[in-house]
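Asker: just to be clear, the model below is a prediction. Sequence and coordinates:
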Amino acid sequence: MASSLTVVMSIAIAPPASAIYGGTTSGVLKGQVNIWADSGARYRCTGTLIGQRWILTAKHCLEGEDVNRFQIWTGDRRPKHGEGVPVIGWAPNDKYDVAVMELRWSVRNVQLVARYNARSILKTGVNVAVRGWGRTQPTDASSAPSTSLKVCSLSVKASAVDHMQLQPNDGIPIKGDSGAGVWSGDRVYGIYVSYDGDYSHGYAVQTSVVANWIEAMTDIPGQN
């Protein structure tokens, strides 16, 4: 099981946060969902649609919240556009800042579903992409999401069995995009969870370390 995997390298993880500071407007929409609390009144985080009824995101986005009043929106680059679906439950991982949410009904467009990596870890130096709707300026006090999905490029500076440290190339996710998928090629390799206060690095949990747990919760296997 994921909880029994041995960590072979330690990476210090910064406090939870995560939006795209820098970066560009994304021309790609694949699996990204914007997550709202209080029956859609308050924006929370980004997540990844890994099945027609399942979202992969960061655990701290949901802790202390009434998740039964959460909604997700998918299928459009604009927040709260496309298809909105209520959440009926969630499961937190007991070791990592990772959670899955179950939707009340299946998302109609199966083409939006993304694949997650189950075995390998990303090597140092690999470029990755993170997409989300969070704040575009660190000093912005608003909790409102950006008006369109944004993307930034980062490179893997350090990679362990459980976490990866990411160095910005053209931007960094900051406040509002915790839970976003870390993409390489055609699949998600990580769940973005935090960043350094000086915006020098971001941090993500490797999907491979929680792949067994994700499958046990959702019956959705990862990709080898």
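Answerer: Arrived safely, thanks for sending.
Asker: show the end-to-end separation of stretch 68-84, please.
Answerer: Using CA to CA, to the nearest Å, one end of stretch 68-84 lies 14 Å from the other.
Asker: now that stretch: average pLDDT?
Answerer: For stretch 68-84, mean pLDDT is 96.
Asker: would you mind listing the outside residues contacting it?
Answerer: Stretch 68-84 is contacted by residues 25-26, 29, 32-40, 43-44, 47, 49, 55, 62, 85-89, 101, 103, 107-109, 112, 133, 145-149 when judged by CB atoms under 8 Å, 6 or more residues apart in numbering. All C-beta spots, glycine's among them, are computed from the backbone N, C-alpha and C.
Asker: give me the low-pLDDT residue ranges for the protein?
Answerer: 1-22, 136-143 (pLDDT under 70).
Asker: can you give me the helices for it?
Answerer: 207-218 (DSSP state H).
Asker: now do the residue positioned nearest the centre of it against Ser106, distance only.
Answerer: With distances taken as CA atoms, centre = their mean, the residue of the chain nearest its centroid is Ala180 (2.1 Å). Distance of Ala180 to Ser106, given as CB to CB, to the nearest Å: 22 Å.
Asker: render the CA-only coordinates of stretch 93-112 in PDB, please.
Answerer: C-alpha atoms of stretch 93-112 as PDB (Å, rounded to 0.1, in the frame of the first residue of the first chain):
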ATOM      1  CA  ASN A  93      -4.900  10.200   2.700                       C
ATOM      2  CA  ASP A  94      -3.600   9.500   6.200                       C
ATOM      3  CA  LYS A  95       0.100  10.400   5.400                       C
ATOM      4  CA  TYR A  96       0.200  12.900   2.500                       C
ATOM      5  CA  ASP A  97      -1.500  16.100   1.600                       C
ATOM      6  CA  VAL A  98      -3.700  14.300  -0.900                       C
ATOM      7  CA  ALA A  99      -7.500  13.700  -1.100                       C
ATOM      8  CA  VAL A 100     -10.100  12.400  -3.500                       C
ATOM      9  CA  MET A 101     -13.600  13.700  -3.900                       C
ATOM     10  CA  GLU A 102     -16.600  11.800  -5.200                       C
ATOM     11  CA  LEU A 103     -19.100  13.600  -7.400                       C
ATOM     12  CA  ARG A 104     -22.900  13.200  -7.200                       C
ATOM     13  CA  TRP A 105     -23.100  12.200 -10.800                       C
ATOM     14  CA  SER A 106     -20.700  11.500 -13.700                       C
ATOM     15  CA  VAL A 107     -19.200  14.300 -15.700                       C
ATOM     16  CA  ARG A 108     -20.800  14.100 -19.200                       C
ATOM     17  CA  ASN A 109     -17.600  14.600 -21.300                       C
ATOM     18  CA  VAL A 110     -15.400  11.600 -20.800                       C
ATOM     19  CA  GLN A 111     -12.700  13.200 -22.900                       C
ATOM     20  CA  LEU A 112     -12.000  15.500 -19.900                       C
END
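Asker: check contacts around Ser159.
Answerer: Neighbours of Ser159 in contact, by CB under 8 Å, 6+ apart: 9, 121-124, 165, 206.
Asker: mind listing the residues bridging to it?
Answerer: Met164 (DSSP bridges).
Asker: Ser184 now?
Answerer: Beta-bridge pairing of Ser184 under DSSP bridges involves Arg187.
Asker: burial measure for it, as a count.
Answerer: 16 (other CB atoms under 10 Å).
Asker: all set, thanks.
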